[in-house]
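Chemist: Okay, here's the prediction I keep looking at, along with the sequence it came from:
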Amino acid sequence: MHGSELLFLVLMVAMAGLSVLAGAVGVPYPILLVVGGLALGFVPGLPNIELPPEIVLVLFLPPLLYHAAFFSSPRDLRANMRAISMLAVGLVLATMFVVALIGYLAGITWGAAFALGAIVSPTDPLAATTIARKTGVPRRLVTVLEGESLVNDATALVAYRIAVSVVAGGTFVVWQAGLEFVVNAIGGAVVGLIVGLAITWIRKQLDDPPAEIVVTLVTGYVAYLPAEQLGVSGVLAAVAAGLYVGWHAPEVATAETRLLGFSFWEVFVYLLNAALFILIGLQLPPILSAVTDDHGIATLVWLSALVSGAVIAVRLVWMFTVPYLIRLLDRRTAQVARRVGPGERFVVGWSGMRGAVSLAAALALPIRAGGQGFPDRDLIIFLTFIVILVTLVVQGLSLPVVIRRFVRGEDDEAEQEELRARLGAAKAALFRLEELAEEDWTRSDTIERLRGFYEYRKKRFAARGGMVEDDGYEDRSVAYQRLSHELLAAQRSAIVRLRNEGAISSEVMRRVERDLDLEESRLEI
């Protein structure tokens, strides 16, 4: 077996095994994948892996950004835009400057030091939001964390490109950098909206679920790559396209497309993140070998501690200073009502884990710049890995404890909204049913059966929301659903038996099985 084949096999087995182990031990999978990849990197006999710098960002970033934006709420993002922009722009720049100063004092050139600061400044939402949702963090805080991670990538990557160009022999002028950031942001958003409009129109013309899913797969790339070629933010282009298509998705996708699409994207994004986080760990041994030739172990240890500590400390200091200064200036009633306490503020501050974007940006550093090797490239990649490792492991493992300690009560806002949605849907079904009862093609016995079904649903959801007295609706519903599960299981066993006996083909069995699965997906238990 060749080295590349062995590495591919190890990567696939590690992705599956570590993901299963993460679920078994209750640890967010990015944490275990990074640690597992690090351990694999020191296994004798495994070939070193080097990702081509020019394809790292392009390969991983567009689909991850598009997926995150697709499932975000433009309404919630707009409502929390002040908090998000403060974190995604102000905090990113503050972190970059502090880390750059530390790097410069440690002997790294200014350009390379700013590149390091830009690389480690954006947060990764995966582990933080996964933990937050499981532990009942209010939805607004989750929205802020997700929105920050969508926008701060653009801020960091614009600063990153400026720093790399300075290393390559360019110049840095503050007003020019500010103008470039504004042009990048607006231009990227415009490109993304144009792509979103085009993709939405194309999908309205399609009635082929596999083809539609392929279109969604390439949408992130279609937005990201042209934007980068035009010199504007590919990150914001992918985000804008995802937000637009996600908002209009109910108008363009059939139920079958949505079922297939959600399943596909859940697996695809999981595999992308799993591969990337394992690659983070696998990258360290050769990088460590390279940096120890130029820097002593003691130097690497204290510099790693300084940079990691600065990334964590700047975020916490920011959370307990800048928002309070803004409060003194903005006392509007709407903003006062949105204020959070110090406990929630500390949770947001402790959720600043780094991950995929930082790694991709570090690995994408050019090997040569300005006719010579990029200064301290291996050291920057090494420090980036340490920051990812420290924030994921230290903050990630302790975040559930921090949440339970500082966030009081679980967030029931999402549950109440879901209840309103189900109740509204039941009422709409009853209203439409009464309209259709007058049609010639409807049958009175079918109308009565469906009327009873939706009347019961309406009463059940109304009782759950405290609008009417609960007359055992929930208990009867649970019993009904348990009975339905038993009947569905019996039907599955029957079609499998028919397949095994040769009475039906596997294709027919899978077709009927899918219908049973869709029916079961409607049940709540």
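Modeler: Thanks, I have it. Numbers count the residues shown, from 1 in each chain.
Chemist: CA atoms for contacts and neighbours, from now on please.
Modeler: OK.
Chemist: What distance separates the opening and closing residues of stretch 406-422?
Modeler: 32 Å (Cα to Cα, to the nearest Å).
Chemist: what's in contact with the host helix or strand of Ala238?
Modeler: Ala238 belongs to helix 234-252 when elements are defined using DSSP states H and E. Outside helix 234-252, the residues that touch it by Cα atoms under 8 Å, 6 or more residues apart in numbering are 61-62, 65-74, 150-151, 153-154, 185, 188-197, 199-200, 203-204, 219-221, 223-228.
Chemist: Would you mind writing the CA trace of that helix as PDB?
Modeler: The C-alpha trace of helix 234-252 is given here as PDB (Å, rounded to 0.1, in the frame of the first residue of the first chain):
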ATOM      1  CA  GLY A 234     -15.500  36.000  -1.200                       C
ATOM      2  CA  VAL A 235     -16.500  35.300   2.400                       C
ATOM      3  CA  LEU A 236     -19.300  37.900   2.400                       C
ATOM      4  CA  ALA A 237     -20.300  36.800  -1.100                       C
ATOM      5  CA  ALA A 238     -20.800  33.200   0.100                       C
ATOM      6  CA  VAL A 239     -22.600  34.500   3.300                       C
ATOM      7  CA  ALA A 240     -24.900  36.800   1.300                       C
ATOM      8  CA  ALA A 241     -25.700  34.100  -1.200                       C
ATOM      9  CA  GLY A 242     -26.500  31.600   1.600                       C
ATOM     10  CA  LEU A 243     -28.700  34.100   3.500                       C
ATOM     11  CA  TYR A 244     -30.700  35.000   0.300                       C
ATOM     12  CA  VAL A 245     -31.200  31.400  -0.900                       C
ATOM     13  CA  GLY A 246     -32.000  30.200   2.600                       C
ATOM     14  CA  TRP A 247     -34.700  32.900   3.000                       C
ATOM     15  CA  HIS A 248     -36.300  32.000  -0.300                       C
ATOM     16  CA  ALA A 249     -35.800  28.200   0.000                       C
ATOM     17  CA  PRO A 250     -39.400  27.400   1.000                       C
ATOM     18  CA  GLU A 251     -40.500  29.000  -2.300                       C
ATOM     19  CA  VAL A 252     -38.200  27.000  -4.600                       C
END
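Chemist: List the buried residues in that helix.
Modeler: 234-247, 249, 252 (16 or more other Cα atoms under 10 Å).
Chemist: circling back: out of the contacts of helix 234-252, which end up buried?
Modeler: 61-62, 65-70, 72, 74, 150-151, 153-154, 185, 188-196, 199-200, 203, 219-221, 223-228.
Chemist: what's near enough to touch Ile102?
Modeler: 113, 306-307.
Chemist: And the next helix or strand past the helix or strand encompassing it?
Modeler: Using DSSP H and E, Ile102 sits within helix 92-105. Using DSSP H and E, the helix or strand that follows helix 92-105 in sequence is helix 110-120.
Chemist: and the contacts of helix 234-252, which of them are in helices?
Modeler: Under the assignment DSSP state H, these contribute 61-62, 65-70, 74, 150-151, 153-154, 185, 188-197, 199-200, 203-204, 219-221, 223-228 to helices.
Chemist: Is Asp470 in a helix, a strand, or coil?
Modeler: coil (DSSP: H, G, I helix; E, B strand; the rest coil).
Chemist: Run through the helices of the stretch 251-400 of the chain in chain order.
Modeler: 255-294, 297-319, 322-329, 333-337, 342-350, 356-363, 377-390, 396-406 (DSSP state H, counting those that start in this stretch).
Chemist: could those go into JSON lines alongside mean pLDDT and mean neighbour count?
Modeler: Below are the helices of the stretch 251-400 of the chain laid out as JSON lines (pLDDT from 0 to 100; neighbours: other Cα atoms under 10 Å):
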{"stretch": "helix 255-294", "mean pLDDT": "79", "mean neighbour count": "17"}
{"stretch": "helix 297-319", "mean pLDDT": "93", "mean neighbour count": "17"}
{"stretch": "helix 322-329", "mean pLDDT": "79", "mean neighbour count": "12"}
{"stretch": "helix 333-337", "mean pLDDT": "58", "mean neighbour count": "10"}
{"stretch": "helix 342-350", "mean pLDDT": "88", "mean neighbour count": "19"}
{"stretch": "helix 356-363", "mean pLDDT": "81", "mean neighbour count": "26"}
{"stretch": "helix 377-390", "mean pLDDT": "89", "mean neighbour count": "24"}
{"stretch": "helix 396-406", "mean pLDDT": "85", "mean neighbour count": "17"}
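Chemist: and of those helices, who's closest to Arg457?
Modeler: helix 255-294 (21.4 Å; Cα to Cα).
Chemist: so that closest one versus helix 377-390, what angle?
Modeler: 120 degrees (axes from the mean of the first three to the mean of the last three Cα atoms, to 10 degrees).
Chemist: And helix 255-294, what does it pack against?
Modeler: helix 3-25, helix 29-41, helix 53-70, helix 209-229, helix 356-363, helix 377-390 (3 or more Cα pairs under 8 Å, 6 or more residues apart in numbering; DSSP states H and E).
Chemist: The chain - how does it break down into domains?
Modeler: Domain assignment for the chain by automatic domain parsing gives 52-408, 412-471, 472-525.
Chemist: Using TSV, please lay out these together with distance to Val27.
Modeler: Shown next, in TSV, are the domains of the chain (distance: least, Cα to Cα, whole Å):
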stretch	distance to Val27
domain 52-408	7
domain 412-471	24
domain 472-525	25
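Chemist: For Ser19, find the nearest of those.
Modeler: The nearest among those, by Cα to Cα, is domain 52-408 at 7.9 Å.
Chemist: show me the contacts for Thr219.
Modeler: With contact set as Cα under 8 Å, 6+ apart, Thr219 has these partners: 63, 66, 195, 199, 238, 241.
Chemist: so what's the third one up against?
Modeler: When contacts are counted by Cα under 8 Å, 6+ apart, Val195 is found next to 219, 222-223, 241.
Chemist: Let's see that with 6 Å instead.
Modeler: Listed by Cα atoms under 6 Å, 6 or more residues apart in numbering, the contact set of Val195 reads Ala223.
Chemist: Any chance of the helices of the stretch 251-400 of the chain in TSV with distance to Ser121 as columns?
Modeler: Listed next are these as TSV, based on distance: least, Cα to Cα, whole Å:
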stretch	distance to Ser121
helix 255-294	17
helix 297-319	7
helix 322-329	17
helix 333-337	27
helix 342-350	13
helix 356-363	8
helix 377-390	10
helix 396-406	17
